[in-house]
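Student: using only what follows, build the 3D model:
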Amino acid sequence: MRRIFVFTFLSLIRLIARLFFRIRVSWVAHPEGDPWAGLRVVCLLHHTSLFDWLQILAAPPRFLWRVACHGVVPAADKTLDRPVVGFFFRSLAAHVVSITRERDHTWREVLAKITDGDSMVLILPEGRMMRRNGLDSKGQPMTVRGGIADILEATTTGRMLLAYSGGLHHIQAPGDRWPRLFRTVWLNLETVEIADYLNGLAARRGAGVAFKRQVVDDLARRRDAFCPTPENRKEWGGPLPPRTADDPVPASARDRPA
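Tutor: The predicted structure is shown next:
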């Protein structure tokens, strides 16, 4: 019954979102085959708002069904403990796990949920929201945290979808009471084979760099390069930046609008 409830809930909020917002999606590289198939990890970079769920607008119904049946979402306990907001976020996946800021039993519970080969983890690896000043709530820079490395190490196979958000402060920033309607959500997407990604890290960075640091540095570099922020879009002159020899993406065709 829960999977039916979650799928219906996701479909409903996706429909409502379509009435009030629009989304612009580009692919960093042309995905091979169905980009929504075989996903084990969905990684949303550049967390700026409680309304980041609006990026559900880019997902097809079959992805929503996968989330309803096998989705695992780690979410901050202080968010889930809020009456209305907590109910909303607890309804977004098959398994929504309340976690603390520590590497304790709550994080071990998340890792235990992904031992099933059908599981799909949806994670915001920065672990907190960026405020209007570009920092987190404690005035610290927005860094990628190491928990995503634990997830990749536990998964090892299948695909990872990297969702590069353009930011949602123009819709709702932390501290804003109400969202602004009829705005555009900007999103760049990329899929990578997890096994190839992990092998590529070792080849690019060398065996002397600790695995977790490799993952954190690489995802931060991709975030800064491919998130379609207003500053990046102005610099690119288009939806995606031009390729360079140092791009961390395959040499396949790029810039295909969704």
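Student: pLDDT below threshold where in the chain?
Tutor: Counting by pLDDT under 70, the ranges of the chain that qualify are 203-209, 239, 241-258.
Student: ok, the spatially most central residue of it to residue 53 distance?
Tutor: In the chain, the centroid-proximal residue (Cα atoms, centre = their mean) is residue 44; its distance is 1.3 Å. Relative to residue 53, residue 44 is positioned 10 Å away (criterion: Cβ to Cβ, to the nearest Å). No exception for glycine: its C-beta is placed from N, CA and C like everyone else's.
Student: what does residue 216 give?
Tutor: Per Cβ to Cβ, residue 216 is found 24 Å from residue 53.
Student: re the thing from before, for the helix or strand harbouring the residue nearest to the centre of the chain, packing partners?
Tutor: Following DSSP states H and E, one finds residue 44 within strand 39-45. In this structure, strand 39-45 packs against strand 120-123, helix 147-155, strand 159-165, helix 211-226, with contacts taken as 3 or more Cβ pairs under 8 Å, 6 or more residues apart in numbering; DSSP states H and E.
Student: where do the helices sit along this structure?
Tutor: Secondary structure of the chain by DSSP state H: the helices cover 2-20, 61-70, 77-80, 83-90, 105-113, 147-155, 194-205, 211-226, 230-236.
Student: could these go into CSV alongside distance to residue 178 and mean neighbour count?
Tutor: What follows is the helices of the chain, written out as CSV (distance: least, Cβ to Cβ, whole Å; neighbours: other Cβ atoms under 10 Å):
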stretch, distance to residue 178, mean neighbour count
helix 2-20, 12, 14
helix 61-70, 26, 18
helix 77-80, 18, 15
helix 83-90, 14, 13
helix 105-113, 31, 16
helix 147-155, 31, 20
helix 194-205, 39, 15
helix 211-226, 28, 18
helix 230-236, 21, 13
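Student: and those as TSV, adding distance to residue 136?
Tutor: Shown next, in TSV, are the helices of the chain (distance: least, Cβ to Cβ, whole Å):
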stretch	distance to residue 136
helix 2-20	26
helix 61-70	27
helix 77-80	14
helix 83-90	18
helix 105-113	19
helix 147-155	15
helix 194-205	26
helix 211-226	14
helix 230-236	19
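Student: and of the ones you listed, who's closest to residue 187?
Tutor: helix 211-226 (10.3 Å; Cβ to Cβ).
Student: what residues does the closest one touch?
Tutor: Helix 211-226 is contacted by residues 28, 43, 45-46, 125, 143-146, 148-150, 152-153, 162, 164, 188, 190, 201-202, 204-205, 240-241, 247-248 when judged by Cβ atoms under 8 Å, 6 or more residues apart in numbering.
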